[in-house]
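A.B. asks: Predicted model, plus sequence, below.
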Amino acid sequence: MEIHIQQLNNTYSDQLIDLILTIQQKEFNIPITVEDQPDLKQIESFYIQAGGNFWGAFIDGELVGSIALVKFDEKEAAIRKMFVKKEFRGKELNIAQKLLEILITFCRENKIDHLYLGTVSVLGAAMRFYERNHFVQVEKENLPDTFPLMSADNVFYKLKINEEI
């Protein structure tokens, strides 16, 4: 199985909505709808024009994973929409790791120094994944004022990318 990762735009909205809502609602019973996530229909204006990006992982033309970057300050950004279809998770394909590495490379190239994310405590495997990748848990009160909070999130992480030596 060959994994192809590419930047996404608005033409991928329907595939993204299908991927993400299936995981959120059916797999993890998170009470969230497409109406709660209008950004999924505005990939270009919400993510890309603001200095972030959105990537998808494809296998045989099927969207099986996603990750997005919301730039909310000159040197700060947040990870959003990191999802991998259940049957494509795990170390064999390493899709989540590949998506995260592409996003971190983008941050380095665009001089984004701090990366934040919010997640939900029921997503234990996701939390372990971020911790393995050197993300440090932070209290909600210690997030930057401009961090774009999602109502469902209750666990938050930070990663320093471009450390001054």
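C.D. replies: Great, that's in hand. Everything quoted here is computed from the prediction, not taken from an experiment. Numbers count the residues shown, from 1 in each chain.
A.B. asks: In the chain, mark out all the strands, start to finish.
C.D. replies: Per DSSP state E, the chain carries strands over the ranges 3-7, 53-59, 62-73, 76-84, 114-119, 136-138, 155-160.
A.B. asks: want to throw those strands into CSV with mean pLDDT?
C.D. replies: Compiled in CSV, those are given as follows (pLDDT from 0 to 100):
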stretch, mean pLDDT
strand 3-7, 97
strand 53-59, 98
strand 62-73, 97
strand 76-84, 96
strand 114-119, 96
strand 136-138, 97
strand 155-160, 97
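A.B. asks: what's the most buried one of those strands?
C.D. replies: Taking mean count of other C-beta atoms under 10 Å as the contact definition, the stretch among those with the greatest mean neighbour count is strand 76-84, which reaches a mean of 23. Any C-beta I mention is one placed from the backbone N, CA and C, and that applies to glycine too.
A.B. asks: can you list contacts of that strand?
C.D. replies: 16, 19-20, 23, 39-40, 47, 51-52, 54, 57, 64-72, 95-96, 99-100, 103, 107, 112-118, 126, 144, 146-148, 150 (C-beta atoms under 8 Å, 6 or more residues apart in numbering).
A.B. asks: which residues of the protein fall in helices?
C.D. replies: Read by DSSP state H, the chain holds these helices, from start to end of the chain: 13-21, 95-109, 124-132.
A.B. asks: How about the contacts made by the nearest residue to residue 146 once chain neighbours are set aside?
C.D. replies: Using C-beta to C-beta, 6 or more residues apart in numbering and skipping the chain neighbours, the partner closest in space to residue 146 is residue 72 (4.9 Å). Applying C-beta under 8 Å, 6+ apart to residue 72 gives the contacts 78, 144, 146, 147, 148.
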